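**Student:** quick one: sequence plus predicted model below, questions after.
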Amino acid sequence: MIERAWGDGNYDREADEERLAKERRTISRDGPKLTGAKLEARLARTWARPPGFLGWLATVDHKEIGRRYIVTALVFLALGGVLALLMRLQLALPESGLISAARFNELFTMHGSTMMFLFAVPVMEGVAVYIIPLMLGTRATGFPRLNSFSYYMYLFGGLLLWVAFALNIGPDIGWFAYVPLSGPEFSPGKRADIWAQMITFTEVSALAAAVVLVCTILKTRAPGMTLARMPLFAWAMLVTSVMIILAMPSIALCSSMLISDRLVGTQFYNSFEHGDALLWQHLFWFFGHPEVYIIFLPATGFVSVITETFCRRPVFAYPVVVLALISTGILAFGLWVHHMFATGLPRVGYSFYTAASMSVAIPTGLQIFCWLATMWDGRPRFQVPMLYVVGFIVTFVIGGLTGVMVAAVPLDLQLHDTYFVVAHFHYVLIGGAVFPLLGILTYWFPKITGRMMSETLGKIGFWMIFLGFQLTFFPMHWSGLLGMPRRVYTYPAGLGLELPNLLSSIGAFVVAMAVLLFVLNGLWSYFRGAPAPPNPWGASTLEWATPSPPPDYNFAHIPVVESRTPLWDTKDKLPVVTGLRVDDKELLLTTVVAAAPDLREPVPEPSLWPFIAACATGILFVASIFSPWAIVFGAIPTAIAMAAWFWPSQVKRHPEPVIG
Amino acid sequence: MKLATLAFLPALLGACSYQHYQSVFGNAGTDDHQFLTLFAIFMAVCTVMYVAVIAFLIVGILRRRRAGEANVVETGRHHRAHPLMRAGLIGWGAVVSIGLMALAITSFFTDRSMAQSAAHPRLSITVTGNQWWWDAVYNSADASQTLHTANELHIPVGVPTRIILRSNDVIHSFWLPSLAGKQDLIPGRETDISIVPKKTGIYRGQCAEYCGAQHANMAFVVNVDNYPDFINWWRQQLQPAPAPATPLAQAGFDYIAQHQCSMCHNIAGTPVGGQVGPDLTHFASRRTLAAGTLPMSVGNLHDWIADPQSVKPGTKMPKIPMEETDLRAVVAYLETLK
């Protein structure tokens, strides 16, 4: 039992213990205690998913949901990539007539929306949902049913967008959907509504996943894993999830106002009725800028994980990295106006946003130093995940430095909305987030599937994607400086834009081949890859303390953590907690800061209701594109589904709980 | 790996071989001149930073050879960082902070000086953005001296010019890279940009904010003229349109005056007085057609009027079914509007 260190002076310990003892006698007493194979068999039975297709829909297992998230997001990555290839085909030559203006505008809208909302954020959440409970040494996420709901909302939002695109009613207003272009007057039809409701789906989904992750990270860590011993990836996801919770309401607000302008005749953005077109930009970028860090910070977590494992030493200056994550998260909310330098806001006020934008380079620069110092001081092994970290540093730093350039108002006024900026954010997002993601997918592939990915194919793939990326995006700096604006479906010959565009198009196909190779490598390894040893990379974190792929219950015993690198420090003798129930799904909750054992918490059973609730909400959202009354009538099935979801279940009587 | 400077070298060399018709290397206005100076400073500082990072990375990679047993985990040491590393971290933080502060201050003063450089404009033009063309009015207190044109500006070299920006529909952005940065045109707001041209020449500009289907074909031309040339152009443009001189041109004028054309277009000095589309009074004196979509020529003009939707799909100019003879007459008349 834990001492009550904060007890007041009147605390009567004896009376309290007497009361507790009485309660224990009357409520329950421990039943048989299982060990070894019997324990594992019993846990497997308790945590097993219900059988059949309905069981598949009803699952609340974080690993299953995480896998679905990752696979779905990668499918959207491929779809978004195909759109990019089509755009590069059109732009390979000047004045090309391959793709019409209207179609091209749909392509870049779909590409941006898919990559930002359906790939980048969900894939980070998916990886986190899969790995965070394992990394923290627990058996489930907090709010597992909300987790399942979040996945279905994401899936339905993605389907809405892509089905609409296939039916030729896909949005054509850009991923930023500036009003008044996206408003009722200039975008008649349903294209803009579909974009706005796709956003609503992904907002709900991202908020739900963020709540799940914050709760999981703060309350379910293994005993002894204080905040100061938490893996850096968990820190990155904690900061990211809090950012999602703070940023998403802003886009929820602005997309809802857009829908109501379009659907029920409000005038939020109509300047002729005292609305304001810039209101959209403020609200959108108050979300949109943190969004970039919502994508980037999890990737820094990946880099920390890989660097630590492959350099064989803990990441240098752990507190600096944690503080860098937190300060990046805070600063991200103070610099949205740097997307609006050309809108004619008061010019002196811009200086604040220039300074704020540049200051983000300080924590990021310190993090990079910490990774480099870890390499310098450690003994790096250059297997595929580590190669991606090196590729990340070489590429991302260029993107960071061009970011410093576009933070300066006089430079941004020239570079804004040109291909220079396109180059900048692809360096940041692909170099800064996709490279670490590919590295970490290679790294955790054996954890998820039980097999290793091919090292040879992985290395070939890395060099192809790294060089192909540079060939695609480096010339874009050049075409931007030569005067090529963004989002143009064609450009005239004679401005010097032919060569850089042709190079970019060739590079894009090299990148596409590399991604294809990565997928083929994944598929081949999934079926034919070498079986993974228990800890194939010699890592230090808890996800490797259980078999690969992990059993439904994750850990036969919840581990106890005594340092930042438990598997390195304890070798095979990882201390564990005993006494949790194994005949019922139960989690050990710990205190937020010190991770002292706090509560034994029952885990919700699998349920179809999150799926049904997601369907009901989805119908409400989609129908509201066609009639505002859908919100009124659609609320009824949604409310019923939610009520059934939260309906208190019969408390099962276990006179003698089985423990493990 | 590539160093930023080396990689930019071909870009810079490549840039030199073009005439900077539409490029930030044009250096034809004071704003762009200051941009280029500031850009060079940022490039230098960023290159130094990048080289430092890459050097550290390379040294880190090479140093691994020092150790024989590559797989040893170094856990015992992790609370005692290498003293050199600690100093390095603090030093790096200081260098980055000071560098950024210096850049921010440089940027601030450049911005201030740009704002001052055109504090006393001597010419004022109102440019109004439309999907997908530019309307321009040379403002004057005297209504008879107010000049209305579209898609092509003339400005005198060395004269600070204030361009007032408005939009009739969606958000556009006025960008003339060879002379200055960009400025958005936002419905319901009035913005402005000041330009001080340094070099005579012809420069192309383009809308830089996505504004719908034909965003790519919303360009304009700016002629930076010597002052006498500018005054000549100005006087000439203030004249009403010349009367049709040939029977064919007369037939063309009659067609325009009696058909849909006059609903949208204005030809000063004639009853053709629409205010929706570009002003055609001195239409044939411009270099391009349909906001930079095509070079001005008889053939292009013919194609454009015959079927605007195939030349610039989505343009607000409708296809008007015309007999070939009418079409030729209209083209012949428009050709006279020098």
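**Tutor:** Done, it's in.
**Student:** check what pLDDT A:Gly458 gets.
**Tutor:** At A:Gly458, the predicted lDDT confidence score is 96.
**Student:** now do the SS call for it.
**Tutor:** helix (DSSP: H, G, I helix; E, B strand; the rest coil).
**Student:** grab the nearest non-local neighbour of it.
**Tutor:** A:Val384 (3.7 Å; C-beta to C-beta, 6 or more residues apart in numbering or on different chains). To be clear about C-beta, it is placed using only N, CA and C from the backbone, and glycine gets the same treatment.
**Student:** how about B:Asp225?
**Tutor:** Using C-beta to C-beta, 6+ apart, the nearest residue to B:Asp225 is B:His154, at 5.5 Å.
**Student:** just A:Gly158 next, same as before
**Tutor:** Nearest one to A:Gly158, counting by C-beta to C-beta, 6+ apart, is A:Leu118 at 4.6 Å.
**Student:** next one: A:Arg486
**Tutor:** Leaving out its chain neighbours, A:Arg486 is closest to A:Asp417 (C-beta to C-beta, 6+ apart), at 5.1 Å.
**Student:** which strand or helix spans A:Gly522?
**Tutor:** Of the helices and strands defined by DSSP states H and E, A:Gly522 is found in helix A:498-528.
**Student:** ok, and what's touching the helix or strand just after that helix?
**Tutor:** Counting by DSSP H and E, the element after helix A:498-528 in chain order, helix or strand, is strand A:558-559. With C-beta atoms under 8 Å, 6 or more residues apart in numbering or on different chains as the contact definition, strand A:558-559 has outside contacts at A:137-139, A:222-223, A:542, A:545, A:566, A:574-577, A:580, A:588.
**Student:** again, only this time at 10 Å
**Tutor:** A:136-139, A:220, A:222-225, A:542, A:545-546, A:566-567, A:570, A:574-580, A:587-588, A:590, A:597, A:660 (C-beta atoms under 10 Å, 6 or more residues apart in numbering or on different chains).
**Student:** next, count neighbours for the closest residue to A:Glu273 other than its chain neighbours.
**Tutor:** Nearest non-adjacent residue to A:Glu273, counting by C-beta to C-beta, 6+ apart: A:Gln267, 3.7 Å away. Other residues lying near A:Gln267 total 16 when counted by other C-beta atoms under 10 Å in any protein chain shown.
**Student:** same thing with the one 4 residues further on?
**Tutor:** Neighbourhood size, A:Ser271 [other C-beta under 10 Å]: 18.
**Student:** and the pLDDT at it?
**Tutor:** pLDDT at A:Ser271 comes out at 88.
**Student:** and the residue nearest to it when sequence neighbours are not counted, what does it touch?
**Tutor:** With C-beta to C-beta, 6+ apart as the criterion, A:Ser271 has its nearest non-adjacent residue at 2.3 Å, and that residue is B:Gly188. Contacts for B:Gly188 (C-beta under 10 Å, 6+ apart) come out as A:180, A:269-278, B:166-167.
**Student:** A:Leu588 now?
**Tutor:** Taking C-beta under 10 Å, 6+ apart, one finds A:137-139, A:219-223, A:558, A:577, A:579-580, A:597-601 in contact with A:Leu588.
**Student:** residues in a beta bridge with the residue nearest to it when sequence neighbours are not counted, which ones?
**Tutor:** Spatial nearest neighbour of A:Leu588, excluding adjacent residues (C-beta to C-beta, 6+ apart): A:Ile558 at 5.3 Å. Beta-bridge pairing of A:Ile558 under DSSP bridges involves A:Val577.
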